[in-house]
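Colleague: mind looking at a prediction? Sequence and model below.
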Amino acid sequence: MKNVISLREVVDCDAFLKEKCLNFRIHLRDACGKQFCWIEPLSECGCDGQYEELYAALEEFFGKLRYKLEYSDDKLNFWLSNE
């Protein structure tokens, strides 16, 4: 069975990031049978130095759901690992 991120989980993740004062939003895309999320910084200067905190928060949030994440080379996109 495939791992699938629900819209509710994306909304909850955005709220989690806001609680941690991280100025990002997550967007869900589903294309050609593969689902992935892209990371939107909500301000150019407000996110400086927060990317490592963001990745830790994403790992924490999705880890609680028993998901493991994989990231694109630029780390601006992620998807659920097949492991």
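Modeller: Received the coordinates, thanks. Numbering: from 1, shown residues only.

Colleague: would you map the strands across this structure?
Modeller: Using DSSP state E, the strands of the chain run over 24-31, 34-41, 69-71, 77-80.

Colleague: tell me which of those strands sits most buried.
Modeller: When neighbours are counted by mean count of other C-beta atoms under 10 Å, the highest per-stretch mean among the strands of the chain falls to strand 77-80, a mean of 18. (Glycine included, C-beta is placed from N, CA and C.)

Colleague: can you tell me the strand partners of that strand and which way each runs?
Modeller: Pairing partners of strand 77-80, with direction, according to DSSP bridges: strand 34-41 (antiparallel), strand 69-71 (antiparallel).

Colleague: ok now the longest one, how far from the chain's centre?
Modeller: Yep, that's strand 34-41 we're talking about. 6 Å (C-alpha atoms, centre = their mean, to the nearest Å).

Colleague: contacting residues around it?
Modeller: The contact list for strand 34-41 (C-beta atoms under 8 Å, 6 or more residues apart in numbering) reads 4-5, 10, 23-29, 47, 54, 75-80.

Colleague: if I look at the nearest residue to residue 43 once chain neighbours are set aside, how far off is residue 6?
Modeller: Nearest non-adjacent residue to residue 43, counting by C-beta to C-beta, 6 or more residues apart in numbering: residue 23, 5.7 Å away. If you measure residue 23 against residue 6 using C-beta to C-beta, to the nearest Å, the figure is 24 Å.

Colleague: can you pull the contacts of residue 58?
Modeller: Remark: with contacts taken as C-beta under 8 Å, 6+ apart, residue 58 is in contact with 13, 26, 69, 78.

Colleague: number of nearby residues for the closest residue to residue 12 other than its chain neighbours?
Modeller: The shortest distance from residue 12 to any non-neighbouring residue, by C-beta to C-beta, 6+ apart, is to residue 61 (7.7 Å). Residue 61 sits with 20 neighbouring residues when counted by other C-beta atoms under 10 Å.
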